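sharing a model prediction with you, sequence too.
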Amino acid sequence: MNPDVEERTQEFLTHLDDGCLVEADHWMPEAYRAELVRLIRLHAVSEIMGTLPEKEWVPRAPTLYRKLALMAKVQDEAGHGQLLIRVAEDLMAPRGQNREHIMADLFAGRQKFHNVFHLPVPTWADAGLIGWLVDGAAIITQGMLLGGSYAPYTRALRRIVEEEAFHIQHGESICMALAEGTAGQRAMFQDALTRWWPALMMFFGPPEDGAARSAVPGAAHTSHQAANLRFRIRTKSNEELRQRYLSKYVPRIRSLGFVIPDPTLQQDSETKAWTYQQPDWDEWRAIIANHGPRSAARLNLRRTSYAEGQWVRDVMAGTRKAV
Amino acid sequence: MDADRYHLALTELLMQLADDDLVVATRAGEWLGLAPHLEEDVAFSSIAQDEMGHAATYFTLLATIHGGDRDDLAHLRPALARRNSVMLERPNGRGTYRDTPHFDWAYALARHFFYDTLEMARLDRLVQSAHRPLAEAAAKIRREERYHNQHHSMWLRDIARSGPDVGRRVELALDRAAADAVDLASAGPMAAEMETFGLLPDASHLTDDWRARVAQALDPLGWALPPLRGTLNGRHGEHTQDLTQLLQDLGEVYRSSPGASW
Amino acid sequence: MTTDDSGSLADRTPPPDAGELAVYEVFAQTSERGTVEWQASLLAGSPAMALMLARENFLRRREIFDLWVVPRDAIARAKGADDFFRLPKTYREVSDYQYLVGKWRQYHQQAMTPDTMA
């Protein structure tokens, strides 16, 4: 690193420690930009791919009301993808890149998305569970990111979290109806919970030992999590988020009489810390490397529709030039 | 006798309105997450929601006069009891929303343009309907439809300006939509009663009115309304396998546990 | 915070044609985490001049984090109640789900909001 950049980087980190915010046109170390781009692309593409598992259930949603609400929910997810991809595009602009590069990377297997969106959604209860328990996990993550150092991202997140207030209640509402429904409806939800629990434990990513906060960003051995904590892009570790999630959701799930499929799950009465069965992290790595049960199918949906829409985007680009 | 005919005509009318919107909203909803441009995905999704909301309104009115529950009426009636136009039940392209969706945006635009133009022609009449609850609902729905018309007009205009190759796509799409549209602007076998009873004023000129509106929009763009074809008439309960498949999806969960609360 | 201001709007602006004044709409971000919002409009001979005038005309009592001026004729606009009319869509509003508060109480749990979760 040349001395000038090193000095500016130190100055930048000091500013972050003082709680200052960064805007798109501020100078930033390349490592900071790279971590942001990586995180926000992952977030944006997860929202975009995340529309697909739930939209499968829009026509099959049981009532007109549920159809409407699920349409609105999936629409919001696409809208969140839009807000986030714009933040990412502005960060990628200095490299001469835009959303087309993100999509190309997605199709080439170079752009990951969250583990939960690689999984099948075989019943209406699975759709409800996504709304309640997957969205709940997402809100805990996003709420934490709201306090981050990159202001354009936090502005997008603020809009997103506002809409998530509807999402969690929408998900709860579906699951509550199943919980208070017939034996068949309750069984449907219990099956879905049993199916999804390991994926929910994977959602926040693997726990990490050691002093993450003291890590040196940019160093080869530093994890993205550690770098993001140092850059104050995120303010809590994966494990802190998972612990919070368990505290919020385990009592609620159990209060409805459902069984969480982890006999080892318990909370220490003094430290309040949860112990739980570690999910298979190798499986998690395989899933997010597009080897999940529905990875190929969902990518095929996206790839096919993207190719079919190319002429429309060409019309849009042509219109812009013509005006 | 007259009261029976009135009731029958009103039921037919509400079924046409409700079934049209339910089916078109379902097809539009299949585009969720798959539209050609991210921002358009969100915008088109609002149109799908609007149409589904209108369907819910019409099914509520239908339940009131017909008896029963609006969700029963929406989810349980078999294809031969459905009154939607055949054009609306056709898939969005080759493949399905669950597997390799070779969806055709030009067809989506053409179909929605035809349908929304019909809706405006119909709503302009329904605001005067003798069935007051329908007239009141129509007045509100008509206001919401403005955005739909603006949306499709904008797209058609931008495409028309993009040269003959792209324009050809729309011409083909208009033709494909017209191939199933012989029943679209028809008020069905009880059209005369609908007009006599004032339920759908001036029902006899609905088709001509629709044609005129379509021509007025297409002429400046250099396009014409292709000949309307089709051997099936949805207003008579005649439908394709596409509708049967769609209805299976629509009612899959609802039918799985009769009487359950969802 | 270090700002790279080599690309600021004012520097890129060509000098005005003599005698041509234009209406500029003024937008500003007045809190660090806030968004850019419309403030007022003014008459100026160039974007650079509009920026110079805007800060003292409309924002002299406010902290400014970002200031935009846009020639009015560069703004595409849609206006009118009819164009924006929407039927109520309560299924996507939290108000429709308030009954869950009571439901959760039956199960001795509290209802969740994004605020209590984050």
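That came in fine, so what should we check first?

from chain C, how far off is the closest residue to chain B within the stretch 201-323 of chain A?
Nearest residue of the stretch 201-323 of chain A to chain B: residue A:309, at 2.7 Å (CB to the nearest CB). In this view, the C-beta of every residue, glycine as well, is placed from N, C-alpha and C. To chain C, residue A:309 is 24 Å away according to CB to the nearest CB, to the nearest Å.

give the buried residues for the longest helix along chain C.
Ranked by number of residues, the top helix in chain C under DSSP state H is helix C:47-58. For helix C:47-58, burial by neighbour count (16 or more other CB atoms under 10 Å in any protein chain shown) applies to C:47, C:48, C:49, C:50, C:51, C:53, C:54, C:58.

which residues make contact with stretch A:131-140 from outside it?
Here stretch A:131-140 makes contact (CB atoms under 8 Å, 6 or more residues apart in numbering or on different chains) with A:54, A:73, A:116, A:161, A:164, A:167-168, A:170-172, A:174-175, A:193, A:196, A:200, A:203-204, A:241, A:244-245, A:248-249, A:253, C:112, C:114, C:117-118.

which ones are touching the closest residue to chain B within chain C?
Closest approach between chain C and chain B, counting by CB to the nearest CB: residue C:85, at 4.2 Å. Counting by CB under 8 Å, 6+ apart, residue C:85 makes contact with B:143, B:144, B:146.

take those residues and keep only those in helices.
B:143, B:144, B:146.

centre-most residue in chain C?
residue C:37 (2.8 Å; CA atoms, centre = their mean).

just checking, next helix/strand downstream of the helix-or-strand element of chain C with minimal mean pLDDT?
Scoring the helices and strands of chain C by mean pLDDT, DSSP states H and E places helix C:9-12 at the bottom, with a mean of 45. Counting by DSSP states H and E, the next helix or strand C-terminal to helix C:9-12 is strand C:22-29.

and the helix or strand following that next one, is it in reach of chain A?
Using DSSP H and E, the next helix or strand after strand C:22-29 towards the C-terminus is strand C:37-44. No: Strand C:37-44 does not reach chain A (CB under 8 Å from any CB of the partner chain); its nearest approach is 12.2 Å.

can you list the strands that strand C:37-44 pairs with?
strand C:22-29 (antiparallel) (DSSP bridges).

would you mark the buried spots in the partner strand?
Here strand C:22-29 shows C:22, C:24, C:25, C:26, C:27, C:28, C:29 as buried, counting by 16+ other CB under 10 Å.

OK, contacts around the third one?
By CB under 8 Å, 6+ apart, the contact set of residue C:25 is C:38, C:41, C:69, C:70, C:71, C:72, C:75.

report the two of those separated the most.
Farthest pair in those (CB to CB) is C:38 and C:71. Separation: 14.3 Å.

who has more neighbours out of the two?
residue C:71 (14 against 11; other CB atoms under 10 Å in any protein chain shown).

my guess is that one contacts residue C:23, does it?
Yes: counting by CB atoms under 8 Å, residue C:23 is a contact partner of residue C:71 at 7.3 Å.

give me the subset of the contacts of stretch A:131-140 touching chain B.
Of the contacts of stretch A:131-140, the ones that also sit near chain B (CB under 8 Å from any CB) are residue A:174.

what about the contacts of stretch A:131-140, which are in strands?
For the contacts of stretch A:131-140, not one is inside strands, with DSSP state E as the criterion.

hmm, back to that, what is the burial count for the residue of the stretch 201-323 of chain A closest to chain B?
Using other CB under 10 Å, residue A:309 has 19 neighbouring residues.

what sits closest to it if chain neighbours are left out?
residue B:36 (2.7 Å; CB to CB, 6 or more residues apart in numbering or on different chains).

pLDDT at that neighbour, what is it?
We have a pLDDT of 97 for residue B:36.

and it, how many residues sit next to it?
Residue B:36: 22 neighbours (other CB under 10 Å).

pLDDT-wise, what's the bottom of the ones in helices among the contacts of residue C:85?
Scoring these by pLDDT puts residue B:146 last, at 90.

can you tell me the SS state at residue A:122?
coil (DSSP: H, G, I helix; E, B strand; the rest coil).

and it, its phi and psi?
Per-residue torsions, residue A:122: phi -70, psi -20 (degrees, to the nearest 10).

separation between it and residue A:45?
24 Å (CB to CB, to the nearest Å).

the more surrounded of these two?
residue A:45 (25 against 13).

how about the contacts made by the spatially closest residue to that one that is not a sequence neighbour?
Among residues not flanking residue A:45 along the chain, residue A:113 sits closest, at 4.8 Å (CB to CB, 6+ apart). Residues near residue A:113 by CB under 8 Å, 6+ apart: A:42, A:45, A:46, A:48, A:49, A:50, A:106, A:288.

for burial, what's the neighbour tally of the last one?
The number of residues packed around residue A:288, counting by other CB under 10 Å, is 19.

now the fifth one
For residue A:49, the count of nearby residues is 25 (other CB under 10 Å).

report the secondary structure state of it.
helix.

wait, it touches residue A:115, no?
No: contact criterion CB under 8 Å: residue A:49 and residue A:115 do not qualify, at 11.1 Å.

which bits of the stretch 1-150 of chain A sit near chain C?
Counting by CB under 8 Å from any CB, the stretch 1-150 of chain A sits next to chain C at A:8, A:11-12, A:15, A:20-23, A:25-27, A:65, A:68-69, A:72-73, A:76, A:136, A:139-140, A:142-144, A:146.

after whichever strand or helix holds residue B:56 comes which helix or strand?
Here residue B:56, judged by DSSP H and E, is contained in helix B:38-66. With elements assigned by DSSP H and E, the helix or strand that comes after helix B:38-66 is helix B:70-75.

now for the very next helix or strand once past that following helix, which elements pack on it?
Following helix B:70-75 in sequence order, the next helix or strand is helix B:86-89 (DSSP H and E). If you count contacts as 3 or more CB pairs under 8 Å, 6 or more residues apart in numbering or on different chains; DSSP states H and E, helix B:86-89 packs onto helix B:2-29, helix B:105-126, helix B:241-256.

so residue B:118 sits right up against residue B:186, yeah?
No: counting by CB under 8 Å, residue B:118 sits too far from residue B:186 to count as a contact (9.8 Å).

now the residue nearest to the centre of chain C. Nearest residue, chain neighbours left out?
Nearest to residue C:37 is residue C:27, by CB to CB, 6+ apart, at 6.4 Å.

tell me who's in contact with that neighbour.
C:36, C:37, C:38, C:39, C:67, C:68, C:69, C:70.

so which bits of the helix or strand that contains the fifth one are buried?
Yep, that's residue C:67 we're talking about. Applying DSSP H and E as the criterion places residue C:67 in strand C:66-71. For strand C:66-71, burial by neighbour count (16+ other CB under 10 Å) applies to C:67, C:68, C:69, C:70.

with distance to residue C:91 added, can I get those residues in CSV?
Output for the buried residues of strand C:66-71, formatted as CSV (distance: CB to CB, whole Å):
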residue, distance to residue C:91
C:67, 40
C:68, 36
C:69, 41
C:70, 37
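
looking at the residues you listed, spot the one nearest residue C:106.
Looking across the buried residues of strand C:66-71 and measuring by CB to CB, the closest to residue C:106 is residue C:68, at 51.4 Å.

distance of the closest one from residue A:93?
Note on residue C:68: its distance to residue A:93, by CB to CB, is 18 Å.

what does residue C:99 give?
46 Å.

likewise residue A:262?
45 Å.

who has more neighbours, these two?
residue A:262 (15 against 11).

secondary structure class for the residue of chain C closest to chain B?
Applying three-state DSSP: residue C:85 is coil.

again with residue B:95
At residue B:95, secondary structure determined by three-state DSSP is strand.
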